[in-house]
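Asks: Need coordinates for the following:
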Amino acid sequence: MPRSWKDPLAALLFLSGCATGDRTTVTGRGPHPFTQFDQNVFHDTLLVQTSFDLGDGTFVMVASHVEDTFEGLRLYRYAFAPDSSVDVRAISAPGYDSWTLLPTFFPVDSAHVHGPLWVLANMGEKESWGQKVMALDSGFRDIGFMDMAYPERVMEDDTLRLKRRSIAPYLRLQQQGDTAFWGIACDSVYLYDDLQGHQDVVLAAQRVRYFTTRDGHTALEIDGQLIPYPPLP
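Replies: A predicted model of the protein is given here:
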């Protein structure tokens, strides 16, 4: 994003018009499939849910303290020192009362998958609450939150029910400078808040896009109208 632009919304509006492809065709790249495994770190104080090999000698694990705390899960980026001890490089903000903080990874530059990453961490309990958006370079930085989920209709006890699943596998990234454009490659999307006074709505996915910048600005686009999220506190 041009540093001389004082108004982040104006910059997003400009870049929104530059995004390639029409809104009926979802272009961009999906999550990078870093290898997922149980764990390669065993520690008396950590309970590991799952881990990922980033392929550059570092790993990311989803873990919490063995003793329950109000902070809950965090993401830890680490490597192994020559003496086989664990060198923790970065720790994310906590997930608090979420039962999951499952990350998906999108390289900022598709030609350098071991460079800076967008990390989308699915939060929720039995269903998704949405995605915590982080930038990962030298550390984890909170950028915003995607208040959206994938609506799946399933039969339970002879009743058709709507379940809210992680939207992350269906997201497609286009990157222009510091700005990321997130298209949605499925039929419909569940919005917890459309930022226009409506909660818990299901829209055709082609109507919706999400925007993030590395310096922490986020916006939702519905039918071509860009609506900024309030900045993080």
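
Asks: any idea whether residue 169 is helix, strand or coil?
Replies: When classified by DSSP: H, G, I helix; E, B strand; the rest coil, residue 169 comes out as helix.

Asks: How many neighbouring residues does the nearest residue to it once chain neighbours are set aside have?
Replies: Nearest residue to residue 169, sequence neighbours excluded (Cβ to Cβ, 6 or more residues apart in numbering): residue 31, at 6.6 Å. To be clear about C-beta, it is placed using only N, CA and C from the backbone, and glycine gets the same treatment. Counted with other Cβ atoms under 10 Å, the neighbours of residue 31 add up to 18.

Asks: mind checking how far residue 31 is from residue 204?
Replies: Separation of residue 31 from residue 204 (Cβ to Cβ, to the nearest Å): 22 Å.

Asks: One more: residue 119?
Replies: As for residue 119, its distance to residue 204 is 27 Å (criterion: Cβ to Cβ).

Asks: where are the low-confidence patches of this protein?
Replies: The chain contains residues with pLDDT under 70 at 1-24.

Asks: Would you agree residue 181 is in contact with residue 213?
Replies: No. Residue 181 is beyond contact range of residue 213, at 10.6 Å (criterion: Cβ atoms under 8 Å).

Asks: Have a look at these two and say which one is more surrounded.
Replies: residue 181 (23 against 20).

Asks: so the more buried one is in which element?
Replies: According to DSSP states H and E, residue 181 maps onto strand 179-184.

Asks: need the next SSE after that strand, C-terminal direction.
Replies: strand 188-193.

Asks: Quick one: residues contacting residue 198.
Replies: Residue 198 makes contact with residue 191, according to Cβ atoms under 8 Å, 6 or more residues apart in numbering.

Asks: again with the one 10 residues further on
Replies: Residues counted as contacts of residue 208 (Cβ under 8 Å, 6+ apart) are 148, 184, 189, 191, 220, 221, 222.

Asks: now the third one, which residues is it bridged with?
Replies: Here residue 189 sits in beta bridges with residue 203, going by DSSP bridges.

Asks: Residue 129 contacts residue 98, doesn't it?
Replies: Yes. Contact criterion Cβ under 8 Å: residue 129 and residue 98 qualify, at 6.9 Å.
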